[in-house]
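Enquirer: Here you go, sequence then predicted model.
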Amino acid sequence: MRRTSVLGWLAALVLVASPAFAADAAPKTKKIDNPEFASWSKFAVGAFVELTTVSDSMGQKSTSKMTHKLVELTADKAVVETAMVLEGVPAEFAPKPERRDVPKTIEVPDVETPTQNPDVKVVEGEETIDVAGTSVKCKTTESTVTASGMTTKSKTWTSDGVPGLMAKMEMRSEGKVGEMTILTTASTTVTKWAAK
């Protein structure tokens, strides 16, 4: 067999086999119900939640408010508008409200649950807390992450009875970077919400 024929045959084999190899190499995914959509779909258009975040980084304190509002709801998606107000920033300089689609289903990697990273600790539970004057049963997730000399502890409270799921969040990060000791805290709470 001539050399050119062999090269042509090999090239054809590579072209035919490439899609199969590409399919094997592509990460496998699966569709699941989107928890955020499930939450928003329980409410009428006009429902909203206002989250207030107070943070302190090395003595520099700041407050911001973020409002998520349901502006459209179909069988396949919710459309949520988000507006932010930063303390001390004039309204004309505030970020413009943005809209995003929240699909009914999302694609996630179809992989086995990874083994627990020893630098990450997660504890789940349940608590009933006050959410802007309403008693709400929430799922809690507490995590501790240690990396590069910093330890970050956080706790979140979520409930599908609150538009957008988030009911409360607390975070504390501290450690040393070089000779500097760093401490950052943040707390996010629901200050207003309505199911409409």
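Expert: That came in fine, so what should we check first?

Enquirer: how about residue 37, secondary structure?
Expert: For residue 37, the assignment made with DSSP: H, G, I helix; E, B strand; the rest coil gives helix.

Enquirer: How about the contacts made by it?
Expert: Neighbouring residues of residue 37 by C-beta atoms under 8 Å, 6 or more residues apart in numbering: 77-78, 102-105. For every residue, glycine as well, the C-beta is placed using N, CA and C.

Enquirer: try 7 Å this time
Expert: 78, 102-104 (C-beta atoms under 7 Å, 6 or more residues apart in numbering).

Enquirer: what's the closest of those residues to residue 45?
Expert: Of all the contacts of residue 37, residue 45 sits closest to residue 78, with 9.1 Å by C-beta to C-beta.

Enquirer: Check the closest one and give its pLDDT.
Expert: The confidence metric pLDDT takes the value 97 at residue 78.

Enquirer: The helix or strand where it lies - contacts with which helices or strands?
Expert: Residue 78 belongs to strand 77-86 when assigned by DSSP states H and E. Using 3 or more C-beta pairs under 7 Å, 6 or more residues apart in numbering; DSSP states H and E, the elements in contact with strand 77-86 are helix 35-40, strand 60-73, strand 98-103.

Enquirer: Do a quick rundown of the strands in the chain.
Expert: Remark: strands assigned in the chain by DSSP state E are 29-33, 48-57, 60-73, 77-86, 98-103, 105-109, 120-131, 134-147, 150-158, 166-177, 180-194.

Enquirer: on that earlier part again, buried ones in the strand holding residue 78?
Expert: Neighbour-count burial for strand 77-86, with 16 or more other C-beta atoms under 10 Å as criterion, is recorded at 77-80, 83-84.

Enquirer: neighbouring strands for that strand, and are they parallel or not?
Expert: Next to strand 77-86 in the sheet, as set by DSSP bridges, lie strand 60-73 (antiparallel), strand 98-103 (antiparallel).

Enquirer: Let me know the angle separating it from strand 105-109.
Expert: Relative orientation of strand 77-86 versus strand 105-109 (axes from the mean of the first three to the mean of the last three C-alpha atoms, to 10 degrees): 80 degrees.

Enquirer: Would you mind getting the angle between strand 77-86 and strand 48-57?
Expert: Using the same axes, to 10 degrees: strand 77-86 against strand 48-57 is 40 degrees.

Enquirer: separation between residue 30 and residue 109?
Expert: Distance, residue 30 to residue 109, by C-beta to C-beta, to the nearest Å: 8 Å.

Enquirer: er, residue 32 I mean
Expert: Distance, residue 32 to residue 109, using C-beta to C-beta: 11 Å.

Enquirer: same thing with residue 89?
Expert: Per C-beta to C-beta, residue 89 is found 38 Å from residue 109.
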